[in-house]
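Participant: Sharing a sequence plus its predicted fold:
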Amino acid sequence: MCGICGFVGTGNIKEILLKDLYQLEYRGYDSSGMAIRNNHKISVFKSVGEISYLDKQLKNIEIGGSCGIAHTRWATHGKATLENCHPHLSNNGKWAIVHNGIIENYLSIKNMLLAKGYKFLSQTDTEVVVNLIQDNDNVSPIRAVISATKKLQGSFALAIMNSERDVIYLAKRTSPLYVAKTSNGYKISSDISTFFGCSNSCFILQDDQYAMVTSKSATFFNQNGEKIKPIECDVKSSSLDNMTIKEPHYMLKEIKDIPMALSSTYRHIMSTIDEDKIRKFCKGIKKVCIIGCGTAYHAGLVGANYLEKVGLHTDCYVASEFRYANHKIDKQTLYIFVSQSGETADTLACAQYVRDKKCKSIAITNVVHSSINKIVNIVFPTTAGKEIAVASTKAYNCQCLAFYILACIMKKIKYQAKCEKLIKDYSIPKFDNSLVSAIKNSEKVFFVGRDWDVVTCNEASLKLKEITYINCMAIAGGELKHGTLALVDDKTLVIVICTREHIADKIANCIHEIKSRRGKVILFTTLDFDFGEVDKIIKLKSYKNDFDPITTIIPLQQLAYYTSVDLGYNPDKPRNLAKSVTVE
Ligand code: F6R
């Protein structure tokens, strides 16, 4: 969803921007680029593909200057080509811009500018914005930026430079944007983590706020161009945020981090959450509604199971669907938003909608200063540590644990001993490599389970498809014979998950149905139950009803990872995806 950064000050600007770009690469890696002001001129450097390509291209180039902006792109408008790569220049070459977000009314503005004789080299919405600034450039630069961006609809975090001075101008709506003072100047970024090690605090731009950043100061403005006092926050990294890794990929590191992340989340909740306050806050609640996207939505489905088990009627929705479904929002419902990043556009929009209706909300998030945390009434934190790999792993396990603890707190049920046992006992299982061959030798892969194992199937299927590009799907066991069984043949691998004793015989029936159609079955189970003929059984440690969804997914996360590596892909950076989905 694009990451932007910038720097004004002393030092090697090229190296400073490259370092920050690498930190932001999780936000998109279709292309990257930077614009640097030197000798009253803006020079632009761009490259298609990962940051390392830009890095290589700039290796032997001396670039002076003390003011620059940079961008790593996840393509929305226009293909991943050099022309569409940011930064973009205005027609007169005076303005350069980088953008995270989507401008919804860019076509009408583009037509207006075309009629005035402006030329466009790219298909992006961003190039329209930089020319709109040029078109408004008859006042001071910050006023030109304000009056141009006031005409925009959609989301944006913009960093803008002008060839006349070493200043970065910022504008923000919806997409995140931060500013920090460092020992040698000022940095701007889409993500606080780029400030780790060079600043202890930073400023957070709010929607429709602006900033003018020089090497000596950062001045903030509202839409009327009046100076305002910005919100400041601490820049803290957690003990799990260590970026240097021994493993070949972040995804493997993050899977290995799971026991530590679960322990950290449990202890953090224990030490920071006021249980009486939560119960008081939830008084009068008749229903719970959970909202999230992708893996976070799956964690929400696990959470719905925990909440139903303690007697709270719970629904769970995909945020992009909830957003336009005209659901009745009421004050007796508690809305829980689950999001690793706390920046996902659809989840944020739902949270804002619920806040506007003055209903009660909680966010389960992994990023302390995330946008969603500022919208909801209560933050119920996970402290999984920074997740870099695009495919979410440890955050999911921690979100499920957070839901379990929240459900227990709401109904005053003791959870400490069970959590302590999980943390003490659990270790990541050794991966059985023969599973990779089974996947590779199949034409189709299905995941089958029942009850909350279906959620694990859905999450396992999402992991496998996003990093191996294998077309797979998850299905509830009872639904097999209502259609999907038609696809099962001797080239089909069915991964069956069963942790639920009361429906083990039903799963055994599914297995018979698959085997009768010559499908291959690999069974992941915690149970000592005779399921009949299967091709392989992976026996898992059981946490009796409470934590099985948290632990059963781990070997399936490993399966996706090792298959991806075996197929020669980079599991950390799946094609077409990005870590933080800050556009609709
Ligand atoms: C899949 C994955 C995504 C995210 C989704 C929501 O592995 O990572 O499906 O779960 O984009 O992101 P957050 O949790 O940041 O709201």
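Facilitator: Now that the structure is in, tell me what you want to look at.

Participant: Just confirm yes or no for stretch 289-303 near the ligand.
Facilitator: Yes. Using C-beta under 6 Å from any ligand atom, we find that stretch 289-303 touches the ligand at 293, 294, 295, 296. No exception for glycine: its C-beta is placed from N, CA and C like everyone else's.

Participant: Check those residues and tell me the two furthest apart.
Facilitator: The span of the residues of stretch 289-303 next to the ligand, defined through C-beta to C-beta, is set by 293 and 295 at 8.2 Å.

Participant: Show me which residues of this structure are close to the ligand?
Facilitator: Counting by C-beta under 6 Å from any ligand atom, the chain sits next to the ligand at 293-296, 339-341, 344, 347, 391-392, 462, 466, 581.

Participant: which of those residues tops the neighbour count?
Facilitator: Neighbours here mean other C-beta atoms under 10 Å. Within these, the largest count is held by residue 339, at 34 neighbours.

Participant: Looking at that residue now. What's its pLDDT?
Facilitator: Looking at residue 339, its pLDDT is 98.

Participant: and what of residue 581?
Facilitator: At residue 581, pLDDT is 81.

Participant: who's in contact with it?
Facilitator: 1, 293, 294, 343, 344, 345, 346 (C-beta atoms under 8 Å, 6 or more residues apart in numbering).

Participant: from the residues of stretch 289-303 next to the ligand, which ones fall inside helices?
Facilitator: 294, 295, 296 (DSSP state H).

Participant: ok, back up a step: out of the residues of the chain next to the ligand, list just those in strands.
Facilitator: residue 339 (DSSP state E).

Participant: now, which of the residues of stretch 289-303 next to the ligand sits nearest the ligand?
Facilitator: residue 294 (1.9 Å; C-beta to the nearest ligand atom).

Participant: That closest one touches residue 392, doesn't it?
Facilitator: Yes. The pair residue 294 / residue 392 is scored as a contact, 7.3 Å apart, by C-beta atoms under 8 Å.

Participant: List the neighbouring strands of the helix or strand where residue 157 lies plus their orientation.
Facilitator: Here residue 157, judged by DSSP states H and E, is contained in strand 154-162. Applying DSSP bridges, strand 154-162 is found paired with strand 95-103 (antiparallel), strand 165-173 (antiparallel).

Participant: Show the contacting residues for residue 295.
Facilitator: Contacts of residue 295 by C-beta under 8 Å, 6+ apart are 340, 391, 392, 395, 396, 459, 462.

Participant: what's the neighbour count on the fifth one?
Facilitator: In other words, residue 396. Applying other C-beta under 10 Å, I find that residue 396 has 30 neighbouring residues.

Participant: does it count as helix, strand or coil?
Facilitator: Under the three-state scheme (DSSP: H, G, I helix; E, B strand; the rest coil), residue 396 adopts helix.

Participant: Now do it against residue 406, distance only.
Facilitator: According to C-beta to C-beta, to the nearest Å, residue 396 stands 16 Å off from residue 406.

Participant: what does the third one give?
Facilitator: Relative to residue 406, residue 392 is positioned 19 Å away (C-beta to C-beta).

Participant: before we move on, what about residue 35?
Facilitator: The value you get for residue 35 to residue 406, if C-beta to C-beta is used, is 45 Å.

Participant: who has more neighbours, those two?
Facilitator: residue 35 (29 against 26).

Participant: beta partners for that one?
Facilitator: Beta-bridge pairing for residue 35 (DSSP bridges): residue 44, residue 69.

Participant: residue ranges for the strands of the stretch 51-200 of the chain, please.
Facilitator: 67-73, 88-89, 95-103, 154-162, 165-173, 178-182, 185-189 (DSSP state E, counting those that start in this stretch).

Participant: Then the stretch 251-400 of the chain?
Facilitator: Under DSSP E, counting those that start in this stretch, the stretch 251-400 of the chain gives strands at 287-292, 313-318, 333-339, 360-365, 378-381.

Participant: Reformat those into JSON lines and put distance to residue 159 next to each item.
Facilitator: Shown next, in JSON lines, are the strands of the stretch 251-400 of the chain (distance: least, C-beta to C-beta, whole Å):
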{"stretch": "strand 287-292", "distance to residue 159": "30"}
{"stretch": "strand 313-318", "distance to residue 159": "32"}
{"stretch": "strand 333-339", "distance to residue 159": "25"}
{"stretch": "strand 360-365", "distance to residue 159": "25"}
{"stretch": "strand 378-381", "distance to residue 159": "28"}
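
Participant: Which residue, other than its chain neighbours, is closest to residue 538?
Facilitator: residue 524 (4.7 Å; C-beta to C-beta, 6 or more residues apart in numbering).

Participant: how much distance is there from the strand or helix carrying that neighbour to the middle of the chain?
Facilitator: Using DSSP H and E, the element containing residue 524 is strand 520-525. Counting by C-alpha atoms, centre = their mean, to the nearest Å, strand 520-525 is centred 31 Å from the centre of its parent chain.

Participant: Residue 375 against residue 361, yeah?
Facilitator: Yes. Assessed by C-beta under 8 Å, residue 375 is found in contact with residue 361 at 7.4 Å.

Participant: got any residues that touch both of the two?
Facilitator: In contact with both residue 375 and residue 361: 351, 355, using C-beta under 8 Å, 6+ apart.

Participant: buried stuff in the helix of greatest length in the chain?
Facilitator: Selection of the longest helix in the chain by residue count, based on DSSP H, yields helix 548-566. Within helix 548-566, the residues that qualify as buried are 548-565, counting by 16 or more other C-beta atoms under 10 Å.

Participant: Endpoints of stretch 537-555, how far apart?
Facilitator: The first and final residues of stretch 537-555 sit 13 Å from each other (C-alpha to C-alpha, to the nearest Å).

Participant: again, but for stretch 466-479
Facilitator: Stretch 466-479 stretches 24 Å from its first residue to its last (C-alpha to C-alpha).

Participant: for the record, mean pLDDT for it?
Facilitator: Mean pLDDT, stretch 466-479: 97.

Participant: cool, and stretch 317-333?
Facilitator: 94.

Participant: can you give me how far that stretch is from the chain middle?
Facilitator: From the chain centre to the centre of stretch 317-333 is a distance of 21 Å (C-alpha atoms, centre = their mean).

Participant: mind listing the helices in the stretch 1-150 of the chain by residue range?
Facilitator: Ranges of helices in the stretch 1-150 of the chain, per DSSP state H, counting those that start in this stretch, are 13-24, 51-58, 106-115, 126-135, 141-149.

Participant: Tell me how far the longest one lies from the chain's centre.
Facilitator: The gap between where helix 13-24 is centred and where its chain is centred comes out at 21 Å by C-alpha atoms, centre = their mean.

Participant: Now do it against strand 67-73, angle only.
Facilitator: If you take axes from the mean of the first three to the mean of the last three C-alpha atoms, to 10 degrees, helix 13-24 sits at 30 degrees to strand 67-73.

Participant: What residues of helix 13-24 count as buried?
Facilitator: Quick answer for helix 13-24 (16+ other C-beta under 10 Å): 13, 14, 16, 17, 18, 19, 20, 21, 22, 23, 24.
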